[in-house]
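Student: sequence first, predicted model second:
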Amino acid sequence: MERIKGGVTAAKGFQAAGVEANVKYKNRKDMAMIVSGVPCRAAGVFTSNVVKAAPVVWDRELIDNSPYIQAVVVNSGIANACTGRQGYAYCQETAQAAASALHIPENTVLVASTGVIGMQLPMDKITAGVEKLAVSLSDIPEAGTLAAEAIMTTDTISKQVAVQFEAGGKTVTVGGMSKGSGMIHPNMCTMLGFVTTDIAISKELLQEALREDVVDTFNMISVDGDTSTNDTVLLLASGLSGAEVQPGTADYDTFVAALTQVAEQLSRELAGDGEGATKLLECIVTGAPDLLTARAVSKSVIHSALFKAAMFGADANWGRVLCAIGYTPGDFDISKTAVRLKSKAGEVFVCENAAYHPYSEDEAAKVLKEDEIQILVDLGSGDFTAKAWGCDLTYDYVKINGDYRT
């Protein structure tokens, strides 16, 4: 597996673009497009929030019923959520505009939106943006970067990654981009994520790979505990590498590993770029009696507002870790739990057998002043492990969300 430059345009057959359409923001890119030169197999996973944005409803219908997909249109600034029948009609109008500009069927165009809930899309700007995107498409890495920048809202950095591997003697590429900074607490996945690959694979197997992958990647992020109305991850496969995979083969396993590597890197970047965040938190749980418990405990720790605030203050308040573990469902003996805090500045052993383990507060503070912190939890009750990602809770989170809409 090799990390390479690029994002959604890295795989064969894909082009992208990002432009200014003034949907809500001024003087910044706010619309993106991904297009395949050939029909693609497509898979998707979507928010579990009962309040589903219109693009989520549109995309689920197309993923389920369209034989293939060829384009994705994304806007930032306005979420097209809680917009009723008109919002859904605007999804169709967006797809129609893209279909006309790209000379492809309407039912091969997926759409996605992110931003303020409850506002209707300015369709004159959306359709004009689609036309600008269509003539700006390119397969160079910089085009993927422009697209990644165009889907940002409160994000401070664009997020993209690509990897390559060999399958059947041919080079296969998986690339992706995502956005997300706030309203992030997955129960499926969170934010918007778009992944492209040139592997040849059936629609059913592609969906299976994506659904399994998000469980231990995008599903293991928490910034603020709010599951978005618009959460969407889409995976498109052009098949142009010529490498075909079947279930139960080594090549399929390698593809899943590549998909996981892309999704995990994007997950880390999403968590580290949480609104107002200064630190990426990674909780690694070992010694769990089963995988569900390992996942639940790791996510519980990085979701705890009290612990997140302690990390902002570089305070080794291990009692907050124990508290978060203690209210997590699972069949394990809390008295066997040990906790260590680790960063590139060192490691401190703060809790043994669910009780204080002697450590230096000064050394702990040095460890916790770094911008990436690992919370190592050993439950001492089994052989299963999991990891989750979050961020610290800062004053700026409140400032950003105090006037997000206005």
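Tutor: That came in fine, so what should we check first? Residues are numbered from 1 along each chain as shown.
Student: now stretch 137-147: average pLDDT?
Tutor: For stretch 137-147, the mean per-residue pLDDT is 97.
Student: what residues of it count as buried?
Tutor: Of all the residues in stretch 137-147, those buried under the rule 16 or more other C-beta atoms under 10 Å are 137, 139, 141, 143, 144, 145, 146, 147. The way it works is simple: take the backbone N, C-alpha and C, and place the C-beta from them, glycine included.
Student: out of those, which is nearest to residue 346?
Tutor: Of all the buried residues of stretch 137-147, residue 145 has the smallest distance to residue 346: 35.6 Å, by C-beta to C-beta.
Student: where does the stretch 201-350 of the chain have low pLDDT?
Tutor: Within the stretch 201-350 of the chain, the stretches with pLDDT under 70 are 224-228.
Student: tell me which stretches of it form strands.
Tutor: Shown for the stretch 201-350 of the chain, the strands assigned by DSSP state E, counting those that start in this stretch span residues 232-237, 280-288, 338-343, 346-352.
Student: among these, which comes closest to residue 7?
Tutor: Distance to residue 7, taken as C-beta to C-beta, is lowest for strand 232-237 among these, at 12.9 Å.
Student: quick revisit: restricted to helices, list the buried residues of stretch 137-147.
Tutor: Mapping these onto helices (DSSP state H) picks out 141, 143, 144, 145, 146, 147.
Student: before we move on, what SS does residue 23 have?
Tutor: Using DSSP: H, G, I helix; E, B strand; the rest coil, the structure places residue 23 in coil.
Student: related to what we said a few turns ago, tell me the one of the ones in helices among the buried residues of stretch 137-147 nearest residue 237?
Tutor: residue 144 (16.7 Å).
Student: the closest one contacts residue 4, doesn't it?
Tutor: No. Using C-beta atoms under 8 Å, residue 144 is not in contact with residue 4; the gap is 11.7 Å.
Student: shared neighbours of those two, anything?
Tutor: Overlap of the contact sets of residue 144 and residue 4 (by C-beta atoms under 8 Å, 6 or more residues apart in numbering) consists of residue 10.
Student: quick one: furthest residue from the center of this structure?
Tutor: Distance from the centre of the chain peaks at residue 358, with 38.0 Å (C-alpha atoms, centre = their mean).
Student: still on that earlier bit, deepest-packed of the strands of the stretch 201-350 of the chain, please.
Tutor: With neighbours taken as mean count of other C-beta atoms under 10 Å, the strands of the stretch 201-350 of the chain reach their highest mean count in strand 232-237, at a mean of 28.
Student: so which elements touch it?
Tutor: When contacts are defined as 3 or more C-beta pairs under 8 Å, 6 or more residues apart in numbering; DSSP states H and E, strand 232-237 packs onto strand 31-46, helix 54-65, strand 69-78, strand 109-116, strand 192-197, helix 203-215.
Student: okay if I get these as TSV plus distance to residue 329 and mean neighbour count?
Tutor: Compiled in TSV, the helices and strands packed on strand 232-237 are given as follows (distance: least, C-beta to C-beta, whole Å; neighbours: other C-beta atoms under 10 Å):
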stretch	distance to residue 329	mean neighbour count
strand 31-46	23	24
helix 54-65	28	19
strand 69-78	36	26
strand 109-116	31	27
strand 192-197	28	29
helix 203-215	17	19
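Student: could these go into a markdown table alongside distance to residue 240?
Tutor: Shown next, in a markdown table, are these (distance: least, C-beta to C-beta, whole Å):
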| stretch | distance to residue 240 |
| --- | --- |
| strand 31-46 | 7 |
| helix 54-65 | 21 |
| strand 69-78 | 13 |
| strand 109-116 | 19 |
| strand 192-197 | 10 |
| helix 203-215 | 15 |
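Student: go ahead and confirm residue 269 touches residue 179.
Tutor: No. Counting by C-beta under 8 Å, residue 269 does not reach residue 179; the two are 10.0 Å apart.
Student: residues shared between the contacts of the two?
Tutor: Jointly contacting residue 269 and residue 179 under the rule C-beta under 8 Å, 6+ apart are residue 159.
Student: more crowded one of these two?
Tutor: Between residue 269 and residue 179, counting by other C-beta atoms under 10 Å, residue 179 is the more crowded of the two (27 against 21).
Student: next up, phi/psi of the more buried one, please.
Tutor: Dihedral pair for residue 179: phi -140, psi 150, per degrees, to the nearest 10.
Student: coming back round to it: can you tell me which two in the ones in helices among the buried residues of stretch 137-147 are farthest apart?
Tutor: The distance between the two most remote of those (C-beta to C-beta) is 10.8 Å, for 141 and 147.
Student: which neighbours do those two share?
Tutor: Residues touching both residue 141 and residue 147 (C-beta under 8 Å, 6+ apart) are 7, 9.
Student: that older thread, make CSV out of the buried residues of stretch 137-147 and add distance to residue 317.
Tutor: Listed next are the buried residues of stretch 137-147 as CSV, based on distance: C-beta to C-beta, whole Å:
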residue, distance to residue 317
137, 51
139, 50
141, 43
143, 46
144, 41
145, 40
146, 43
147, 41
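Student: of those residues, closest to residue 83?
Tutor: residue 147 (24.1 Å).
Student: tell me the contacts of the nearest residue to residue 357 once chain neighbours are set aside?
Tutor: Nearest non-adjacent residue to residue 357, counting by C-beta to C-beta, 6 or more residues apart in numbering: residue 349, 5.1 Å away. Contacts for residue 349 (C-beta under 8 Å, 6+ apart) come out as 338, 339, 340, 357, 359.
Student: redo that, cut-off 7 Å
Tutor: By C-beta atoms under 7 Å, 6 or more residues apart in numbering, the contact set of residue 349 is 340, 357, 359.
Student: kindly report the same for residue 151.
Tutor: If you count contacts by C-beta under 7 Å, 6+ apart, residue 151 has them with 32, 74, 76, 114, 179, 192.
Student: and for residue 58?
Tutor: When contacts are counted by C-beta under 7 Å, 6+ apart, residue 58 touches 88, 91, 111.
Student: one more: residue 115?
Tutor: Contacts of residue 115 (C-beta under 7 Å, 6+ apart): 24, 76, 77, 78, 79, 153.
Student: residue 403 - how many residues pack around it?
Tutor: Using other C-beta under 10 Å, residue 403 is surrounded by 7 other residues.
Student: quick thing: my sequence starts at 46, can you match it?
Tutor: That works, and once the first residue is 46, the last one we named lands at residue 448.
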